[in-house]
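Peer 1: I would like the atomic coordinates for the input below:
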Amino acid sequence: MSKSKIKLIATIIVVVVILAVILGVVGYFSNGFKNWDKFNPKNWFNKTPIEQNEQVVSGAYINPSINNGIAVTTALISTTDYVTNNISDSVDSAYKLTATIDSTQTRNLQIDWFVSWQKESTFSAGKNVSDYLTLSTSTTQSGESVTLICHQDFGEKINIVATSNLDKTKKAFCVVDYIKKIKSITYEINGENVAIEDNALLQYDFDKKTNAAMSIDCKPVYSNYTLDTDYTMSVTGKFTEAFGFGQDKEFSSFNFSKGYNIAYLAIVSSGTKAFVENVYSIYSITDEMEIRAYADYVIEEYNSLSISASDMQNEYVIDVCTFVEALESGDINTNRTSVSTFISRFEQICAPEYNFDVKFNFMGIEFSDIEDFIVKSIQCSQSGTGIAEYTVTMSSDNLVYSKTFKIGYTASSFDFFKGLIDLPPNIII
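Peer 2: Model (predicted):
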């Protein structure tokens, strides 16, 4: 066999092998020649952008590039490296993009870069893409890097194309998405919208009527985005070190107390205390005639007793005086039914097991001395540190947003304790 025939056969074999490899690759990516979506350029920009569990710390996200003779690699620039890369702190995020032409091209290694909206949409219509993404240069040499700056959030995908200046068929495509970020959190506290800066102190009046928790509702404000993601909220709370109590307690929700019922707080003199106890003895009387006689007795005692203004700060005392005055004026008939109806509204907070000496419980901390609580609360107010600190964290698979703020009471809201307790000289109400 002649050399020319051997060379021809060898060439045919090589061509057959190459065609077999090509057909194998095409068959694999077309699902057995049944699905040609991956070979449609329109679908190059619709690839799934985020691998599962991949942590993305920037709103702008560059999808893996589609390469045709040019390979592009990307690297997120850390905010700590902004200064060395001449990047402003005000930008949303920044990347390094490096494009390399394949080794077969040995001259004119210039690469031209182009940025454009992927399509005209409700968001992109009339907007300049340069207001959202810019490159530090429009040309690089093969292997050189260009800096991509994301200036703000956007709601339409952006294309980046790197093309060989010598051979326009050689190019790489990247698509930049924006993952939905939380730009801020608005708060509704007791029905009022409140803007809160990070580490801010919110001060509210101490409520002497109720110990209910404050109503705090957090509502995230989202960015524009091309990739949606779900966020979950968690709340962690603790007492501040300045408050000095309950350092071992942690909260998983907002439960800051509005205050406490002063029926348990205002100090009462021994004479007034005995009078209140006598009046509440009506609970134990079942005979109507005895109730009438006892009513006359407590009215006479009330008129002969001088109840001080400080004693009248106690709600036990206020309730009893109101009751006796109603008996005296005839607003309450001295029969069992009438008396029970009037006084039953005080049952839950007072009778029959009311106790002037009950300890003060504040958010799970038991104080044997109310002065300790007041002193620390006012000190926290005056120093701007607050009583409790809360951190709200909104997190998705990709991004995390958190904000911390403190809550305390205004010093002036403790005015009703004036004259009721002895405070250190440095604590002025």
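
Peer 1: Pass me the low-pLDDT residue ranges in the stretch 1-150 of the chain, would you?
Peer 2: Residues of the stretch 1-150 of the chain meeting the criterion pLDDT under 70: 1-58.

Peer 1: got the residue ranges for the strands in it?
Peer 2: Applying DSSP state E, counting those that start in this stretch to the stretch 1-150 of the chain gives strands spanning 60-62, 66-68, 70-76, 93-101, 110-117, 133-135, 139-141, 145-150.

Peer 1: Just send those back as JSON lines, with distance to Phe362 and mean neighbour count too.
Peer 2: Glycine gets a C-beta too; all of them are placed from N, C-alpha and C. What follows is the strands of the stretch 1-150 of the chain, written out as JSON lines (distance: least, Cβ to Cβ, whole Å; neighbours: other Cβ atoms under 10 Å):
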{"stretch": "strand 60-62", "distance to Phe362": "47", "mean neighbour count": "24"}
{"stretch": "strand 66-68", "distance to Phe362": "62", "mean neighbour count": "15"}
{"stretch": "strand 70-76", "distance to Phe362": "47", "mean neighbour count": "17"}
{"stretch": "strand 93-101", "distance to Phe362": "45", "mean neighbour count": "21"}
{"stretch": "strand 110-117", "distance to Phe362": "57", "mean neighbour count": "17"}
{"stretch": "strand 133-135", "distance to Phe362": "53", "mean neighbour count": "19"}
{"stretch": "strand 139-141", "distance to Phe362": "64", "mean neighbour count": "15"}
{"stretch": "strand 145-150", "distance to Phe362": "47", "mean neighbour count": "20"}
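
Peer 1: and those as a markdown table, adding distance to Gly126?
Peer 2: Output for these, formatted as a markdown table (distance: least, Cβ to Cβ, whole Å):
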| stretch | distance to Gly126 |
| --- | --- |
| strand 60-62 | 21 |
| strand 66-68 | 29 |
| strand 70-76 | 29 |
| strand 93-101 | 24 |
| strand 110-117 | 11 |
| strand 133-135 | 17 |
| strand 139-141 | 28 |
| strand 145-150 | 20 |
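
Peer 1: closest to Asp205 out of these?
Peer 2: strand 93-101 (42.9 Å; Cβ to Cβ).

Peer 1: In its sheet, which strands sit next to the closest one, and in what direction?
Peer 2: Note on strand 93-101: by DSSP bridges, its sheet partners are strand 70-76 (antiparallel), strand 145-150 (antiparallel).

Peer 1: Tell me what angle the last one forms with strand 110-117.
Peer 2: Our comparison of strand 145-150 with strand 110-117, counting by axes from the mean of the first three to the mean of the last three Cα atoms, to 10 degrees, yields an angle of 10 degrees.

Peer 1: Name the next helix or strand following strand 145-150 along the chain.
Peer 2: Later in the chain than strand 145-150, the nearest helix or strand by DSSP states H and E is strand 158-164.

Peer 1: closest one to Ile160 among the strands of the stretch 1-150 of the chain?
Peer 2: For Ile160, the closest of those is strand 110-117, at 5.6 Å, according to Cβ to Cβ.
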